[in-house]
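**Student:** Give me the fold of what follows.
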Amino acid sequence: MNKKTLIALGLTGAMTAPAFAVPFEYVRIGDQDGFGFNADANFAALTGDGGLIDRNNDGQLGPGDVLPSLNGGGVVATGSGDDFDNRLNESVNGIGFSDNGTQGVEFTDIALSTSYDNSSNNNNVYDANTSTWGSGGTFPSGNSNSLPNQPGFVFDFFVSAGDIVAGTDIFFNMVFGDYDVFPAEIDLIYANNTADTLPVNLQNNGPDDGLIQAAFVQLSFADVFTWDAINNGWSGYLEVNFDAPNEPYTAFDFVELSVAPITVPEPGPLSVLLLGLGWLYRARKNA
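**Tutor:** Next comes the predicted model:
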């Protein structure tokens with residue numbers, strides 16, 4: 001197993017669709033929309049610990065903010081009336097690539113909660129797109145009552161030869177919320193079938209329950225890309241599996257592969273939590 005670290009903060013068939021004739025910038029699973037809560041005209045009025053969930057008052061939920069305690073109880077948790085399904089037109093999107101079967105969009109903008117199915121049966125799943133409660137959509141991974149309820153993402157795409165420079169560093173970026181139960185790891189499976197397991201820094205509970213965090217890990221070009229001589233370009237592939245077997249409630253806004261790391265808030269009281277994954281690449285380089 002390779003020695004790599006996290007920072008906090010294969011083709012299955014012949015390529016038939018041409019790549020976009022623009023430089024590759026990113027491929028994203030899910031939308032950058034505050035876990036779907038940005039669609040709610042009244043989202044800023046939703047409360048976490050009795051204060052605003054939009055901590056920096058910029059009109060959207062992002063790193064440093066908190067997921068809403070939908071029942072107003074101040075705790076974001078399974079079985080606490082906080083199950084939501086804000087999935088609407090979630091997509092695989094980006095610039096400078098052709099998709100070849102990227103997977104996992106159904107894991108974004110939904111509460112990955114052990115109480116989701118029970119909430120669904122009782123029409124107690126919140127939908128920020130309509131600001132109403134209802135049954136929500138189908139839970140993305142079988143029965144929500146059984147742990148683990150962790151997402152699995154697969155990036156599978158193609159970039160034409162002229163749209164990326166070989167050797168360019170690639171960043172796996174993510175925005176996620178309420179990871180606070182030990183253990184929590186991310187398994188990365190690379191294009192050459194080697195793998196790494198990286199720890200995720202957990203949030204503290206208390207006033208920052210439901211904390212939204214940003215994190216990234218820097219990858220080498222060869223971790224993601226292999227040359228496709230037939231189609232004169234680069235096949236991109238990465239599997240990302242989250243392994244938190246005891247975590248009953250979490251959520252993801254999006255994950256992506258990009259030529260740039262995700263921006264995180266300025267250093268402050270939460271800087272250690274938000275940047276907790278950032279130190280991992282330094283450890284990787286020194287291993």
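
**Student:** now the strands for the stretch 151-287 of the chain?
**Tutor:** 152-160, 170-177, 185-189, 195-199, 212-219, 225-228, 233-243, 249-258 (DSSP state E, counting those that start in this stretch).

**Student:** a markdown table please, covering those strands and showing mean pLDDT.
**Tutor:** Shown next, in a markdown table, are the strands of the stretch 151-287 of the chain (pLDDT from 0 to 100):
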| stretch | mean pLDDT |
| --- | --- |
| strand 152-160 | 97 |
| strand 170-177 | 95 |
| strand 185-189 | 94 |
| strand 195-199 | 92 |
| strand 212-219 | 92 |
| strand 225-228 | 98 |
| strand 233-243 | 96 |
| strand 249-258 | 97 |
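
**Student:** Of these, which is nearest residue 58?
**Tutor:** strand 212-219 (12.6 Å; Cβ to Cβ). Quick note: C-beta positions are derived from backbone N, CA and C, even for glycine.

**Student:** one step back: redo the strands of the stretch 151-287 of the chain as JSON lines? Include mean neighbour count.
**Tutor:** Below are the strands of the stretch 151-287 of the chain laid out as JSON lines (neighbours: other Cβ atoms under 10 Å):
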{"stretch": "strand 152-160", "mean neighbour count": "21"}
{"stretch": "strand 170-177", "mean neighbour count": "24"}
{"stretch": "strand 185-189", "mean neighbour count": "18"}
{"stretch": "strand 195-199", "mean neighbour count": "17"}
{"stretch": "strand 212-219", "mean neighbour count": "25"}
{"stretch": "strand 225-228", "mean neighbour count": "18"}
{"stretch": "strand 233-243", "mean neighbour count": "22"}
{"stretch": "strand 249-258", "mean neighbour count": "24"}
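
**Student:** Looking at the ones you listed, spot the one closest to residue 114.
**Tutor:** strand 249-258 (7.2 Å).

**Student:** counting contacts, what elements does that closest one pack onto?
**Tutor:** The elements that strand 249-258 packs onto, with contact taken as 3 or more Cβ pairs under 8 Å, 6 or more residues apart in numbering; DSSP states H and E, are strand 26-29, strand 112-113, strand 170-177, strand 233-243.

**Student:** hmm, 10 Å instead?
**Tutor:** Using 3 or more Cβ pairs under 10 Å, 6 or more residues apart in numbering; DSSP states H and E, the elements in contact with strand 249-258 are strand 26-29, strand 92-95, strand 112-113, strand 152-160, strand 170-177, strand 212-219, strand 233-243.

**Student:** quick one: low-confidence ranges for this protein?
**Tutor:** The chain contains residues with pLDDT under 70 at 1-21, 44, 46-51, 205-207, 264-287.

**Student:** Repeat the analysis, applying 90 as the threshold.
**Tutor:** Scanning the chain for pLDDT under 90 picks out 1-21, 40-60, 64-66, 69-76, 141-143, 146-150, 179-184, 199-211, 244-245, 263-287.

**Student:** Give the buried residues for stretch 27-39.
**Tutor:** Neighbour-count burial for stretch 27-39, with 16 or more other Cβ atoms under 10 Å as criterion, is recorded at 27-31, 33-39.

**Student:** For it, measure first residue to last.
**Tutor:** Length of stretch 27-39, first residue to last, Cα to Cα, to the nearest Å: 22 Å.

**Student:** before we move on, what about stretch 183-193?
**Tutor:** Using Cα to Cα, the end-to-end distance of stretch 183-193 comes to 24 Å.
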